[in-house]
Structures are given as structure tokens and as C-alpha cells.
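Asks: Fold the stuff below for me.
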Amino acid sequence: MAMDLKDWFSNRRKRRERENLVPKQPLSNEEYCALWKQCFQCREMLYARDLRHNLHVCPKCQYHFRIGAEERIEQIADPDTFVEIDQKMDSADPLEFFDTDAYPKRQKQAQKKSGLYEAVLTGTCKINGHDAALGVMDFGFFGGSMGSVVGEKVTRVIEKAIEEHIPLIIVSSSGGARMQEGILSLMQLAKTSSALKDLSDAGLLYISILSEPTFGGVTASFAMLGDIIIAERGARVGFAGRRVIEQTIRQKLPADFQTAEYLLKHGQVDMVLDRLQIKDTLANMIEFHQPLVEDPDKASSKNGRSKVGSRAKK
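Replies: Got it, this is the predicted structure:
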């Protein structure tokens, strides 16, 4: 039998009264952290959903939270355009390294914690419609350390860029070489640098993005070899850590030492950008550095005139 409107409202009121009699459980720490995050710099409490919409940049002080590789790819690549390569490649244990735990066990723990096979994701994508090869490191996997697989994947994405004749973008976030792989890890510096020489010889653009933090062997190799080097605002970049340097030279370093802004002031990077500016800046750079088209008819613009026609004819 159908319920009339009066009975419906009456039942609704009774249900609400019953719900109010049940004491509400306080949020657990995990639930609270899922809803709110505190800015490390200004200590402001930020609603997690709003923070995600702002690309994990504090709206009050512009502090850039550390983010993972998958989220970085979502921010840079056009939706549903990223195609991963070498997805399930993971490291062997040639040195049979053991500290407090075996290296293979540490790897499995890192994979379970991060959801990644290794400390870098590589593939191809589109950035505002422009084709590009993209490599993104994740500090959440073994501190973004560069082992033999990271070096191999970076080398392969460089080779992919050469094969497809597209620009290359690598976002670095690393603590340096992976000690569990010893000399094999250090060999990746030469390996990736050699591959980048081939990319340069092919006349292709390489843009390196330095995020928080970028240190050690990654800084000493592909991170600082870009045609254009962009540092994210507030990122710390260097080879050795601040404390190690101070103990070595027995001097106090400036407060902003090894920050992106310090590197820009001393000519080590080309620009410092907010995270919200990176995607559009990358797209503009890719478009600007596209090779000139020999046939003016192939590069005709919307008004019927060639983008490079006047230069080609001259």
C-alpha cells in the first residue's frame, strides 16, 4: 500500500531522532589525515580535496608538497595519453646484498608500499596535444635511488624519444645511487649520460625538471644535462647533503643553500616554476622548439600564411 506524504515525513523525523541518539564515533587518525593535511611550512590545516585540486601546493604559502610519480604524470600528461613502457622491470640481486634484511625482501616491501615496480615510470604521452617521451621518478620507492633498473629504464625512454623523434622530459626526485647495487648503480651515471649524447646528436629537445629532493648520482648525471633545466619552487637540489658539506668545509652555509631559488641565482638552473605553471610551460617549449618545416605549405597557419614560410623563402 502506498504511503501518504504525511506518514513519509513522520517516519523520516523518527529515523533522524533515532540516529541522533547514537553517539558519533570520533575520526581515527587515518580518517582525519585523509581529510586534512598540515602544511610543513606555514602549519596551516588544509582540506585534502582542495589541496589535490591545487596540485598539492599550499594556497597560503605556496609550499610544494612531495607527490608520487603517478600523480605527477596525471598533472603533466593529457588525460588517457600516457602509455607506459618497460612496466614490470625490476632489479636482480647480483651482489647478494644484505644489511639488516636481504635486498630482494627490501624491494618487495618497497613495491608493496609504493605500488610501483621501480623508482621511475617511463613512457610516451601528449602534453597539450604535443607528443613527448616522459620519465618520472618517485621518491617513495627506495628514496628514488638509482639502481640498474632505473638507469636502464631512463636509457630506454631516451632511446624511445630518438626512435619516435619526439622531445624528452624527465622529472627527477632522488636521494642518489642505490647502495645495495654498489658499482652497478654508479655505472648508470655514464650509461644515461651517453644515451643523452645520442639524443642531442639527433637534434632532439631534452627538458629536465628537478623536484624535491634531487641529490647524488641523479644530479651528477641526467638531471643536470637538460637543454633546459627547470626547478620546482622550493625544491632542494645538490650532490652531497648540507650537513656533509658543512662538516667537510667547516663553514656555515647560507640558509637557502641548495634550494631552487639559490641555484637560479647562481646560474645552475634556467628557471624556477610553480607546479601549476609546469604543464603549460612544457607545452610552449615543445611547440617553440619543433623543427622548421621545409615545405611552407605543410606549416600553414589558420590565416593561410606559413609559420616559417618567410624564413624558408629567404
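
Asks: Outside of the longest helix anywhere in the chain itself, list whatever touches it.
Replies: Counting residues, the longest helix found in the chain (DSSP state H) is helix 182-201. For helix 182-201, the external contacting residues (CB atoms under 8 Å, 6 or more residues apart in numbering) are 94-95, 97, 145-148, 150-152, 154-155, 158-159, 161-162, 168, 177-179, 206, 217, 220-222, 225, 227. Backbone N, C-alpha and C define where each C-beta goes, glycine included.

Asks: Quick check: buried residues in it?
Replies: 184-186, 188-189, 191-192, 195-196, 199 (16 or more other CB atoms under 10 Å).

Asks: Over to stretch 162-178?
Replies: Residues of stretch 162-178 classed as buried: 162, 166-178 (neighbour count, 16+ other CB under 10 Å).

Asks: Next step: those restricted to helices.
Replies: Per DSSP H, the buried residues of stretch 162-178 map to helices at residue 162.

Asks: Closest to residue 89 out of the buried residues of stretch 162-178?
Replies: residue 178 (14.5 Å; CB to CB).

Asks: which residues touch residue 37?
Replies: 45-46, 48, 51, 65.

Asks: As a check, name the ranges of all strands in the stretch 151-300 of the chain.
Replies: 168-174, 206-214, 228-232, 271-273 (DSSP state E, counting those that start in this stretch).

Asks: Quickly note the distance from the nearest residue to residue 225 once chain neighbours are set aside to residue 207.
Replies: Closest residue in space to residue 225, ignoring its immediate chain neighbours: residue 196 at 5.2 Å, by CB to CB, 6 or more residues apart in numbering. To residue 207, residue 196 is 12 Å away according to CB to CB, to the nearest Å.

Asks: who's the closest residue to residue 264 other than its chain neighbours bridged to?
Replies: Excluding the flanking residues, the one nearest residue 264 by CB to CB, 6+ apart is residue 272, at 5.0 Å. On the basis of DSSP bridges, residue 272 is bridged to residue 231.

Asks: these two touch, right, residue 272 and residue 260?
Replies: Yes: taking contacts as CB atoms under 8 Å, residue 272 lies within contact range of residue 260: 4.6 Å.

Asks: residues shared between the contacts of the two?
Replies: Jointly contacting residue 272 and residue 260 under the rule CB under 8 Å, 6+ apart are 231-233.
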